Structure formats: C-alpha cells, structure tokens
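Undergrad: pasting the sequence and the predicted model now:
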Amino acid sequence: MSARRPASECSRRGARLGAAVAALVLSGCTVGPDFVRPAPPADVHRYTAGRLALEDESAPDELAQRVRMGEGPGREWWRLFGSSELDALVERALEANRTLAAAEANLGEARELAAAEAGALSPQVAMTAGAGRQKYGVELLGTFPKPPPFTYFAVGPTVSYALDYVGGTKRAVEREDALARYREREAEAAYLAVTGNATVLALRIASLREQIATVEALLGQDRENVKLVRLAFEAGTVSRLDVVAAASQLATDATLLPPLRQDLAVARHALAVVAGVAPGNAALPVPELDRVRLPATLPVSVPSELVHRRPDILAAEEQLHAATAAVGVAEANLYPRITLTGSVAQESIDLAHLFDRESTAWGATGSLVAPLLDGGTLRAQKRAAVEAMRSKLASYEQTVLAAFDQVADALEALDHDAEELRAQASARETARTNADLTRKSYAEGNVGVLQVLDAQRIYRRAELGYVRAKGERYLDTARLFLALGGGGPPGGAPAR
C-alpha cells in the first residue's frame, strides 16, 4: 500500500505546475526559425567574365550603345524606345491580357486567405440557438422520481479563444502573408511578361516587315536581271548558260520570302493573344522599325541590386519565407493546445419565459489537448518542413544564378550585335560603292548591263544582312531590359 501525500504537498505541487503553465502562456514565445532575408551574393560584382565593348565610354561609334551601371530601366521600360505607337500597343495589352487578369485574381485570393488566417488570432464569437425534447433515463437524487419528458429552449452567444502561447497561429499567419506576397510578385512577373512579349513581338514584326521589303526589292532586281539576260540571249550576246544562271538566282532568292512571311504571321498571331484578342480579329498597329528609337544608353542595375528588382527572385524569396514559417507551424503542433470557452445563454422549458432574468445561464471551460502517442507523425512533419525550407533556399539561389546568366547573355548578345552591325554596315557600304562604280563604268562602256544588275543584287543582299542585324539588336535590347526585371521592386499589383 502506498502512503498518501499530504494535501498541503499536493496543493503546493499543483500551484507550482499552474504557475509554470501560466508563465509559459504569458511569455508568448514563438517557436520555429525567424525568417532572415537572403543577402545578395558578396562575391559577384559583374555579370560577365571579360570586359564588354558596351562598357567602353571612349569608343567614337555612332552605332554603339553604352552601359550605365547602377540603376534599372524603369517600370515603363518600353518607353525608352521612344515610340508612341509601341506605347499604345503595350497599354492595350495590359488592359486586355488574360494571363495578367488571372495573376491579379490569384493575388486577390491569396490576400483574402491571409486575412482569414489572421482572424484566428482573435476570439471567436458565435450565436447559438436550439430547441429539443429530452427524457432522463435514471431517477434523480435517488429518492425523487425522474421527471417526465420535457421540451427546452436555449439561445445565447459563445466565445472561444485558442491560446497561441507558442506562436503556432502567428507562424501560420506569417506563412499566409508570405504566400500573398508571393502572389504579388507573380502578378508583377506577369506584368513584366506581358509588357515584354508585346514589345518583343512588335519589334520582331517591324524587323520582319523590313526584311520582307528588302527581299521583295531583291526579287525585283532578280526578275529584271532575268528579263535582260533573255533579251541578250535573243540578241546572241550571251549563252543559254547565262539565262539559266539568272533564273537559278531568282529561284534561290525566292526561297527567302516564305519563311519570313511565316515568321511574320506567327508573330502577329502571338501578339494578338498577348493583346487579348483572337488572331482572326486582330488589327493591331505596329510601328515601323525606323520609327522606333534604339536606346543609346542602357541602364543596368548592379548584381547586388538585381536580386531586389527581379520579380522571379522576389517570388522565390517569399516562397522561402513561407517555408520557414511552416517549420514554426509544424513545431507548434508538438505542444499542447489550450482553448478557453465561455457562454451566456437564456434557457427555459417554457418559451414564454425564455428571456426572463431567472432563465439566464452561463458557463466557462478550459481544455487542453496534448499529443502523446502519434506514431512519430508530428515530428516527421516537422522534419519534412525543414527539408522543404532547405529546398526553397536552394531554389532561391538557383533563381538568382539563372537571373545573372540571363543578364550576362543579353549583354554579350548586344556586344556581338554591335560588332555584327558594324560589319554589316561596312559590307553594305562596300556593296553600295561597288554598285555606284559599276554603273559609272557601264556609262563609260566598260562593262555590260549584267554586271550592273549583279552589283545591285549584291547590294540588296548586303542590305538584307544589315536589316537583320539591326532588328536583332533592337530585340536584344528589349531582352536585356526584361532580364533586368523591368522597373525594380514591385509595389503591388500592377494597375489596370
């Protein structure tokens, strides 16, 4: 037989336990790791390994573009191209694009879910009402007969409050807030994608139109060449081999046109979808390439600032924040849950006396639910949350590296575009000079008309190469602005 402890000892232990629980509740600690925003890579100071010609401020070249480090291109970056028609096209796409509308709706949903989760931090008040019929199955107090069946009525408020003494609810709210900000960054990324697609497609359409016009001029020159060679053949001054060679050149150059027209059709269809209209109903005004200004100065943010500008990097950061808060939620589930409930009600077996003063009843309860045996589920869930946090950190770091790679590719592309454009400009100028000299020589009777036509065709070919290089430079400029994340850190859902 075990000896009983004195009542005073039990009271003292109970008091100490109650004091410990009260101290834990009042301390209001928050379990789990606190989120710390990842620092920018300390060892990354430039995007490319070698020096770019774009960084040479002394190069006296009217075709050159210059990098200005330290700032981004601005939220409305497409305006750097100086085309009112392009501005109107982008604004139209922002008004009607369905992907952007979906991203904004997702943002609204996430914000409401975050507000709903935050409601758990406040007491929950509900109004209850009921009526029922009841019969007791045993006699009351042994000697009194059991009462007959009776009908009762009750109405009144109930208040419940879950003590968040370990901060599990706060971590859940923090997680939902981070997910809402993630959706905000997604909406900003959608805004950037819509403006980028509209701009790139418009520039591509303008470039393709100019290329098609150049090829059509080249084919016109080929047809004139064939006509003159046939006349010369009929006059007996050239052989049939010359006629076949001229016809072969026309057929070869004609193969350039269908792919360009196909690319133009595809670009037009894609632009229609970006602008929110069916391709068959699209009549979108696109500026000519000569009416679009190529930005001579390229504002480029430094790598340490890029991580705070690009929407995809900021979205990955918020996913990491949400995963960090989820660790706190999983850890809080290991602790007991304490809920306080209070109620005030009017109860009566006579509906006419339900709201009498004597019918008022109240109650207050506290409950504690503590996990004891769960087969290791809760601890496994916490370990899974920690692994998910590590995964999001790795994904964030990979997103940063991919962003640096895209900017580096765009800068290198512009550097090589400048080199190619100079070479194409030189080839075009040489071909033009050759055509001019050939015409003068023809006027002096030193060469025949076929040589003149051939020199003009060579010039048209050189002109096509120049047009292609110029169009690619416009496109790579737009791609650089997109890789830089447009205007910088988003300030909310893009306004319609």
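TA: Cool, got the structure. Numbering: from 1, shown residues only.

Undergrad: for residue 73, give me its contacts.
TA: 80, 298, 299, 481, 484, 486, 487 (Cβ atoms under 8 Å, 6 or more residues apart in numbering). C-beta coordinates here come from the backbone N, C-alpha and C atoms, glycine included.

Undergrad: should've said residue 289
TA: Neighbours of residue 289 in contact, by Cβ under 8 Å, 6+ apart: 203, 206, 207, 209, 210, 470, 471, 474.

Undergrad: the last one against residue 290, yeah?
TA: No: Residue 474 lies out of contact with residue 290 (Cβ atoms under 8 Å); the separation is 11.0 Å.

Undergrad: who's more crowded, those two?
TA: More neighbours surround residue 474 than the other of residue 474 and residue 290, with 23 against 9 (other Cβ atoms under 10 Å).

Undergrad: for the stretch 251-400 of the chain, which segments are assigned as helices?
TA: Here the stretch 251-400 of the chain has its helices, by DSSP state H, counting those that start in this stretch, at 257-274, 303-306, 311-332, 377-443.

Undergrad: which helices and strands does the shortest one pack with?
TA: Helix 303-306 sits against helix 377-443, with contacts defined as 3 or more Cβ pairs under 8 Å, 6 or more residues apart in numbering; DSSP states H and E.

Undergrad: return the distance of the helix it packs on from the chain's centre.
TA: Relative to the centre of its chain, helix 377-443 is centred 19 Å away, using Cα atoms, centre = their mean, to the nearest Å.

Undergrad: packing partners of it?
TA: Right, helix 377-443 is packed against strand 297-300, helix 303-306, helix 311-332, helix 449-483 by 3+ Cβ pairs under 8 Å, 6+ apart.

Undergrad: could the ones you listed be laid out in CSV, adding mean pLDDT?
TA: Compiled in CSV, the helices and strands packed on helix 377-443 are given as follows (pLDDT from 0 to 100):
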stretch, mean pLDDT
strand 297-300, 90
helix 303-306, 90
helix 311-332, 95
helix 449-483, 91
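
Undergrad: pick the most deeply packed of those.
TA: helix 311-332 (a mean of 23; mean count of other Cβ atoms under 10 Å).

Undergrad: would you list the contacts of residue 73 in TSV and tack on distance to residue 99?
TA: Converted to TSV, these look like this (distance: Cβ to Cβ, whole Å):
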residue	distance to residue 99
80	24
298	28
299	27
481	19
484	21
486	16
487	19
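
Undergrad: farthest pair within the residues you listed?
TA: 298 and 487 (14.8 Å; Cβ to Cβ).

Undergrad: check the secondary structure at residue 445 for me.
TA: coil (DSSP: H, G, I helix; E, B strand; the rest coil).

Undergrad: ok, the residue positioned nearest the centre of the chain - contacts?
TA: In the chain, the residue lying closest to the centroid (Cα atoms, centre = their mean) is residue 189, at 2.7 Å. Counting by Cβ under 8 Å, 6+ apart, residue 189 touches 103, 311, 312, 315.

Undergrad: if you set the cut-off to 6 Å instead, what comes out?
TA: Applying Cβ atoms under 6 Å, 6 or more residues apart in numbering to residue 189 gives the contacts 311, 312.

Undergrad: just residue 303 next, same as before
TA: Counting by Cβ under 6 Å, 6+ apart, the residues that residue 303 touches are residue 44.

Undergrad: same check on residue 169?
TA: Contacts of residue 169 (Cβ under 6 Å, 6+ apart): 120, 121.

Undergrad: shift numbering so it begins at 219
TA: From this message on, residue numbering opens at 219, which makes the last subject residue 387.

Undergrad: so how far is residue 556 from it?
TA: Per Cβ to Cβ, to the nearest Å, residue 387 is found 12 Å from residue 556.

Undergrad: equivalent analysis for residue 616, please.
TA: Distance, residue 616 to residue 556, using Cβ to Cβ: 42 Å.

Undergrad: between the two, which one's more packed in?
TA: residue 556 (19 against 11).

Undergrad: where does the stretch 419-568 of the chain have low pLDDT?
TA: For the stretch 419-568 of the chain, no stretch has pLDDT under 70.

Undergrad: partners of the residue lying closest to residue 572 once chain neighbours are set aside in the sheet?
TA: Distance criterion Cβ to Cβ, 6 or more residues apart in numbering; nearest residue to residue 572, sequence neighbours excluded, is residue 566 at 4.5 Å. Beta-bridge partners for residue 566, by DSSP bridges, are residue 371.

Undergrad: separation between residue 566 and residue 372?
TA: From residue 566 to residue 372 the distance is 8 Å (Cβ to Cβ).

Undergrad: if anything else comes up later, I'll come back, but that's it for now.
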